[in-house]
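A.B. asks: Can you look at this prediction? I've put the sequence above it.
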Amino acid sequence: MSETTNKWIGQNTIRPDGAPKVTGSAAFAADTNMPGMIWGSVLRSPHAHARIKSIDTSKAEAHPGVKAVVTAADIVDFPVDTPFPLGIQDMRWMCRNVMAREKALFHGHPVAAVAATSEAIAAEACKLIEVDYEVLPHAIEIDDALAPDAPILHDFIEFEGKPSNIAGTLEHTKGDIEAGFAEADVIIERDFTTRPVHQGYIEPHACLVSVAADGKATIWSSSQGQFMVRAMTGLLTGIPQSDIRAIPAEIGGGFGGKTIVYLEPLATILSKKSGRPVKMVMTREEVMRASGPTSGSKSTIKIGAKKDGTITAAEGIYWLQAGGLPGSPIRGAVGCALAPYDIPNGRTFGYDVVSNRSKVAAYRAPGAPIGAFGIECVLDEIAEELGMDPLDLRLKNAAKEGTQAVHGPTYPLMGYVESLEAAKAHDHYKAPLGPNQGRGVASGFWFNAGGESSAQVNITEDGNVVVTTGHPDIGGSRAGIANICAELLGIDYRRVSVLIGDTATIGFSNLTGGSRVLFASSIVVTESTNNVIGTLCALAAKIWDIDPEAVIWEDGEARPAGANAGQFPPLTLEELAARANESGGPIGAGAQINTTGAEGGFGTHICDVEVDPELGTVQVLRYTVLQDVGRAVHPSYVEGQMQGGAVQAIGWALNEEYIYNKNGHVDNPGFLDYRMPVASDMPMIDTHIIEIPNPKHPQGVRGVGEVPLVPGLAAVRNAIHDAVGVRFNDLPMSPPVVLDALDMAEAAE
Amino acid sequence: MKPAPFAYVRAETLDQVFDLLDEYGDEAKILAGGQSLMATLNMRLSTPEVLIDINHLEGLSDISSDGDVLRIGALARHSDVLESEHVQKHAPLIAKTMPHVAHQAIRNRGTFGGSVAFADPAAELPAVTRALGAIFVLQGRDGQRKVAADDFFQGLFETDLKENELLVGAEIPAIKDGERTAFMELARRHGDYAIVGLAVQGRLEGDTFADMRLGFFGAGDQPILAKSAIAALNGQPNNEGTIKNAQDALDADLDPMPDLNGPAEMKMHLARVLTKRALAELAA
């Protein structure tokens, strides 16, 4: 299989979910209904921080139409002193996030839920639940939570021997940081902040759960992992995983935000109690108030370099908001921050800070854009100070094969340098700029991930192919797998149907996250398909009565390996499928592997902006994403990932933020006032795909989807600096902020 | 959210509309295109007992002109107004404004009269009608009366419409030779309500401003005709000093409300910037 002979790998084949999505027939979680179904509604905390003294649900339970009520008392408790990790989550925090236990930790935190015969009755009954709160002072921002007199969210959390809102730390070091700074000719140290931003998926969280009379539960829900749904729901309800069947719905966007559960455990308990199927659908307001954004952050970045641009030392200290319960993505921030560079002396340190906001959830390269933002801004300033081109500065210090990263690993073959060289050579980098226009560049890294995947490849009796895998498709995995399977079998990709199995029909597959899905699932699909080919060759050998070794598989048919093998007309997949019972019977194979070798991904972005200095508005004029993608199995999907990541970065940089009022409530819980980028804001995002195949993958695949969010915040910010000469170190760079800063800059002149 | 329960009547005649208005008073709401009403119902900012759907009334969506006056029926859809040759010829300011009113799908439903009668201070058309000196035709059971746009808008979502009256059309003086137009709007996203904006019509006699009318939206509790700025412009030469005087005069005209988009002072700043730009466009 090589680039030159590939027939399907590298083709923009018609995506299997395209027609259902554009015609409206795709079934999302909220599209599922059952006879006898009732509706669940969540009662949410009206306070940002309050102790729950008592809950009286008797009036709600007596309300006509109400079939069941759930409170924290119904949910399995995971004691706070016993860690119980599950993936990137910890069940101690999950059980307290799906339903407030001792305390309500943010405005909108679930306190109880009701199932009733209509949505209206369920909502009405929620109001009948009497909760006795002891309202506590709240802390929203990082500095509020770190203040000496800050309200402490959790009395079981201590830091340096004292009660604290710092729930954890993580550090990476390499070399001797002090000695490194001593060698530097120029040292720049700056403080930065970024705001929490929501993943912004269009489809709100939704599920339908039916717990049948035999106690077996079926869950239809929108998630990034049906096995995650099964595991978490099992743990939180006490139902064994073997009695839960989690069926993944088509997903209307996730971006990391659907890697945890909110509604499924509540609906399961409500269904178990009521004996009826229970449907729950969040409103947009609930999504914005109570589902995970990514962390807000503050950071202090210090980088030293010699006159020739060689970085001698770099340090990044980060504080990331976790929300009401521990678990901010400090690993992504401190791990990815310095990853693109060959730095002899480096240190990154992260603090996980709890405050009275909704618990964060993963968001596309969790933590990495925060890590990269300050670093890439300071590098821009160092380049200016040294009179160097910012791409040259990065090239001078770029990590390569064999570089040992500050966060630990020694890199294999990878294409970071190539992304910088491609940026330097790109037309975009040389295009002229007008007044108030500027250009910025930045780079970024994401770990990517392997992990557990399962696949089953079956040949149908008519000689076509059904592939079943175990991860929801949020980035084109079905189209990619169809291309790969068709390539291996030498048949038209339209003959390969790729399905996403539920937890009862396919083996364990870790969730869709970490840019792992096409990497990992194509490994198990390749192994399964190769086994199928082995079976087909053996069948042909039996029919021809020759040695199986003397049969080869080419262009969708079995052929004698050479003249010595004998003269036989080829046997096609269809012919062999029809004669399957002449040998072992049904043709199919599965594989279940904990995959390794994912290797990190790198990208570089070029951004042009025009600033209107009188209105404070920033228009992105041109944007180019250059990235090593390993192998673009389905190029237009790869391009879409690169474009989507860049647009989310632009939104984060320019406009997105939660506005909290003095009571600790979000004042803009909807897309009208939470300003996400829309099509009319954006230029065409150009992409430059670099393919340096991952040597550890059968098709050379490298994760693609998360890297393109990482460089964008700094690329936009560096472009604004180039346009107007002001360095913005705090996001978002929204019109009022830009206006204020330009006014101040003018006043200072 | 979903609206509170309401009754719905599809009116077939004006008499039926007035019967219902008499019966329900302020518990009735007129449904034209539903551009703003449906949203306010869904957010339960408005909970009328009955919706009177006037979409099937005959003769209220015509657009015509006799050369001096352009007549736009209250039920004329924004998209029809935008495409109307009468409007393009006789009220180019309206044609210039329309692409900024929401999005195509909404313009296909939203109506000229609905937008005027709703009187949202952040909406474009009420301010444009002030800049154009429009006259509105209000129909009661016993006949019509005409009210100038300058008297029609009376406060936040408040107009001169009586409970038992219906806005049936607008009469707009056709643009005269030498009159020029300009439109400027700053919105967070294209199609959003404006943060602030203005519509301008007037003349330059040689280098001197004359007959200027500046209508602002997003600049107070109602669409505003910027009288002080107009006074600072009329009879004055088009130069930096005059523009500066007009910008300064806006302090007396505008009273923007702070909101999630920023403080009032920022909006005043933005209004001054847009005024300068609109006048430059007018003169260009």
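C.D. replies: Noted; the coordinates are in hand.
A.B. asks: can you list the residues of the stretch 151-284 of chain B near chain A?
C.D. replies: B:186, B:188-191, B:260-263, B:266, B:269-270, B:273 (CB under 8 Å from any CB of the partner chain). Where you see a C-beta, it was placed from the backbone N, CA and C, and this is true even at glycine.
A.B. asks: what's the closest of the residues you listed to A:Val647?
C.D. replies: Proximity of these to A:Val647 (CB to CB) peaks at B:Arg189, which lies at 13.5 Å.
A.B. asks: By neighbour count, which of the residues of the stretch 151-284 of chain B next to chain A wins?
C.D. replies: Neighbour counts for these peak at B:Leu270, which has 28 neighbours (criterion: other CB atoms under 10 Å in any protein chain shown).
A.B. asks: and that one, what element?
C.D. replies: Taking DSSP states H and E as the criterion, B:Leu270 maps to helix B:264-283.
A.B. asks: which other helices and strands contact that helix?
C.D. replies: The contact analysis (3 or more CB pairs under 8 Å, 6 or more residues apart in numbering or on different chains; DSSP states H and E) places helix B:264-283 against helix A:735-748, strand B:179-187, strand B:194-205, strand B:208-217, helix B:240-253.
A.B. asks: can you tell me which of the ones you listed comes nearest to A:Val98?
C.D. replies: Using CB to CB, the helices and strands packed on helix B:264-283 put helix A:735-748 closest to A:Val98, at 35.9 Å.
A.B. asks: How far off centre is the helix holding B:Leu270?
C.D. replies: Chain-centre distance of helix B:264-283: 19 Å, with CA atoms, centre = their mean, to the nearest Å.
A.B. asks: now what about that helix, what contacts it?
C.D. replies: With CB atoms under 8 Å, 6 or more residues apart in numbering or on different chains as the test, helix B:264-283 has contacts from A:614-615, A:736, A:739, B:180-186, B:195-198, B:200, B:202, B:204, B:214, B:216, B:218-219, B:229, B:233, B:238, B:243, B:246-247, B:250-251, B:254-258, B:261.
A.B. asks: which among these end up buried?
C.D. replies: For the contacts of helix B:264-283, a neighbour count by 16 or more other CB atoms under 10 Å in any protein chain shown gives the buried set as A:614-615, A:739, B:180-186, B:195-198, B:200, B:202, B:204, B:214, B:216, B:218-219, B:229, B:233, B:238, B:243, B:246-247, B:250, B:254, B:256, B:261.
A.B. asks: For chain B, what's its nearest residue on the stretch 151-300 of chain A.
C.D. replies: A:Thr283 (7.4 Å; CB to the nearest CB).
A.B. asks: what's the pLDDT at that residue?
C.D. replies: With respect to pLDDT, A:Thr283 scores 96.
A.B. asks: ok, now B:Asp259?
C.D. replies: Per-residue pLDDT puts B:Asp259 at 87.
A.B. asks: Measure how buried the residue of the stretch 151-300 of chain A closest to chain B is and give me the count.
C.D. replies: 14.
A.B. asks: residues contacting residue 38?
C.D. replies: The chain I'm using is chain A. For A:Ile38, the residues meeting the contact criterion (CB under 8 Å, 6+ apart) are A:Lys67, A:Ala115, A:Ala116, A:Thr117, A:Ser118, A:Ala122, A:Ser274, A:Arg276, A:Pro277, A:Val278, A:Lys279.
A.B. asks: wrong chain, I was asking about chain B
C.D. replies: For B:Met38, counting by CB under 8 Å, 6+ apart, the contacting residues are B:Pro3.
A.B. asks: could you measure the residue sitting nearest the centre point of chain B against B:Asp120, distance?
C.D. replies: Among the residues of chain B, the one closest to the centroid is B:Pro126, at 1.5 Å (CA atoms, centre = their mean). Distance check for B:Pro126 against B:Asp120: by CB to CB, to the nearest Å, it reads 7 Å.
A.B. asks: among the helices and strands of the chain, which one scores worst on average pLDDT?
C.D. replies: No chain specified, so I'll use chain A. Lowest by mean pLDDT, DSSP states H and E among the helices and strands of chain A is helix A:735-748, with a mean of 89.
A.B. asks: was after chain B, sorry
C.D. replies: Here the helix or strand of chain B ranked lowest by mean pLDDT, DSSP H and E is helix B:37-42, holding a mean of 90.
A.B. asks: Only alpha carbons, please: show that one as CSV.
C.D. replies: Output of helix B:37-42 as CSV, limited to C-alpha atoms (Å, rounded to 0.1, in the frame of the first residue of the first chain):
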residue,chain,number,x,y,z
LEU,B,37,-43.3,38.3,18.3
MET,B,38,-42.5,34.6,18.1
ALA,B,39,-39.3,35.1,19.9
THR,B,40,-40.9,37.2,22.7
LEU,B,41,-43.6,34.6,23.0
ASN,B,42,-41.2,31.7,23.2
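A.B. asks: ok, the residue nearest to A:Cys126 when sequence neighbours are not counted - contacts?
C.D. replies: Nearest residue to A:Cys126, sequence neighbours excluded (CB to CB, 6 or more residues apart in numbering or on different chains): A:Leu43, at 4.0 Å. Shown in contact with A:Leu43 (CB under 8 Å, 6+ apart): A:Pro110, A:Val111, A:Ala112, A:Ala113, A:Val114, A:Cys126, A:Lys127, A:Ile129, A:Val131.
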